[in-house]
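Student: sequence first, then the predicted structure, then my questions.
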Amino acid sequence: MYSWRYLEYRYLHLYTSDKLYIFKIKQILYNRESNKGMSSESEEENKEMKIIMLGAPGAGKGTQAKKISDKYEIPHISTGDIFRANIKNGTELGKKAKTYMDQGLLVPDELTCDLVVDRISEEDCKNGFILDGFPRTIPQAECLTKALNERNEKMDYAVNVDVPDENIISRMSGRRACLNCGATYHIVNIPTKKPGICDRCGEPVVLRDDDKPETVKKRLDVYHAQTKPLIDYYGDQGILKTVDGTLPMETVFDEIVKMIEA
Ligand SMILES: [Zn+2]
C-alpha cells in the first residue's frame, strides 16, 4: 500500500514532468513559428537592390557606394577589384583581360561585361550589389542590360551623383599630398596643421599632377563624351535617381537612402 503522501508526490511529479514536457513542445513550436515569421520578414526587408553609381570622376560616388554597401550589406563592386581578383586567381577571363592590360590596351567592353556578369552571379550578390565604375560606356550598358534580361533580371536604380565640373575642378585643386609618406590633405576640408607641411612626416605637401585642373578637365571631357550618355540611357529605363552631389557627404547619403527606400 502506498501512502497518500507518496501518491500525491507521484501525481505532482508526473504532473510537473508533463507540464515540462508540454512546455518544451510549446517552446519548440513557438520557436519554429517565430523563425518562420522572422525569415519572411527579412525576405521582405531584403528587397533586391541592384544599383549602378553614376557621376563624374571626383563627384564622390565611390564614397557613397561604400556607404550604401555598408548600410544594406550588399557588395560594392568595382571593375578594378574584379580585374585584380580574376588575374590573381588565374581564371580564363582574367588571363584574357591581362593580355590587353599588359599591352597597355583598354579591356574590350564585351570582356569587361563578361567579368562583371560573372561577378554578380556569385552567391553574395543574391540580394543586390552596387556597380561602381561600370558601365562606363553605352555599349557596356547595353551588354549588361542584355545579360540581365537573359536571366530575367534588371537593374533597380541608377544613382547619379551630380556635381558641376567647376566644383569638381576646385575640389581637386584643393587636394594636397605628401610624396614622402603618402598622407593626403585638402586645403579646406582636411588642412595640414602647418600650411604646406605634412603633419605626419614634416615634408612639404604638393598638388599632384592627377589633381591639377588641366588633368581633371581632360578626365571630365572623357566623362562627358563616354559616360554622361548613360544618364539618359537609364533615364529612359525609368530607374534614374539624381542627387545633388555638392551637398555635404552625409546629406548626399541621406538623400540617396530616401530615394531608394521611397
Ligand atoms: Zn608625409
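Tutor: Structure received.

Student: which parts of the stretch 151-262 of the chain are helices?
Tutor: 165-173, 213-222, 229-236, 249-261 (DSSP state H, counting those that start in this stretch).

Student: now stretch 250-261: buried residues?
Tutor: In terms of neighbour count (16 or more other Cβ atoms under 10 Å), stretch 250-261 has its buried residues at 252, 253, 255, 256, 260. Glycine gets a C-beta too; all of them are placed from N, C-alpha and C.

Student: out of the helices of the stretch 151-262 of the chain, nearest to the ion?
Tutor: helix 165-173 (19.7 Å; Cβ to the ion).

Student: quick one: list the elements packing against the closest one.
Tutor: helix 213-222 (3 or more Cβ pairs under 8 Å, 6 or more residues apart in numbering; DSSP states H and E).

Student: so which elements touch the helix it packs on?
Tutor: Looks like helix 213-222 contacts helix 165-173 (3+ Cβ pairs under 8 Å, 6+ apart).

Student: near the ion, which residues of this structure are found?
Tutor: Residues of the chain lying near the ion by Cβ under 5 Å from the ion: 178, 180, 181, 183, 198, 200, 201, 203.

Student: grab the nearest non-local neighbour of the third one.
Tutor: For residue 181, ignoring the flanking residues on the chain, the nearest one in space by Cβ to Cβ, 6 or more residues apart in numbering is residue 201 at 4.5 Å.

Student: quick one, grab the pLDDT at the one you found.
Tutor: The model reports residue 201 with a pLDDT of 97.

Student: could you report the neighbour count for it?
Tutor: For residue 201, the count of nearby residues is 11 (other Cβ atoms under 10 Å).

Student: mind listing residues that contact stretch 201-217?
Tutor: 57-58, 165, 168-169, 172-173, 175-181, 183, 185, 192, 196-198 (Cβ atoms under 8 Å, 6 or more residues apart in numbering).

Student: next, the distance between the ends of that stretch.
Tutor: 31 Å (Cα to Cα, to the nearest Å).

Student: and that stretch, which residues are buried?
Tutor: Buried residues in stretch 201-217 (16+ other Cβ under 10 Å): 205, 211, 216.

Student: what mean pLDDT does stretch 106-126 have?
Tutor: 92.

Student: gap between it and the chain center?
Tutor: In terms of Cα atoms, centre = their mean, to the nearest Å, the centre of stretch 106-126 is set 15 Å apart from its chain centre.

Student: isn't residue 54 up against residue 64?
Tutor: No: in this structure, residue 54 is not within contact of residue 64 by Cβ atoms under 8 Å, at 10.8 Å.

Student: joint contacts of these two?
Tutor: Common neighbours of residue 54 and residue 64 (Cβ under 8 Å, 6+ apart) are 159, 161.

Student: still on that earlier bit, quick one: buried ones out of the contacts of stretch 201-217?
Tutor: Buried among the contacts of stretch 201-217 (16+ other Cβ under 10 Å): 57-58, 165, 168-169, 172, 175-178, 183, 185, 192, 198.

Student: in CSV, list the residues of the chain next to the ion along with distance to residue 131.
Tutor: Below are the residues of the chain next to the ion laid out as CSV (distance: Cβ to Cβ, whole Å):
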residue, distance to residue 131
178, 32
180, 36
181, 33
183, 30
198, 35
200, 34
201, 37
203, 38
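
Student: closest to residue 239 out of those?
Tutor: Of all those, residue 183 has the smallest distance to residue 239: 39.2 Å, by Cβ to Cβ.

Student: next one: phi and psi at the nearest residue to that closest one once chain neighbours are set aside?
Tutor: Take residue 183 and drop its neighbours on the chain: the residue closest to it by Cβ to Cβ, 6+ apart is residue 200, 4.8 Å away. Taking degrees, to the nearest 10, you get phi -80, psi -40 for the backbone angles of residue 200.

Student: ok, residue 200 - how many residues close by?
Tutor: 11.

Student: who are the contact partners of it?
Tutor: 178, 181, 183 are the contacts of residue 200 under Cβ under 8 Å, 6+ apart.
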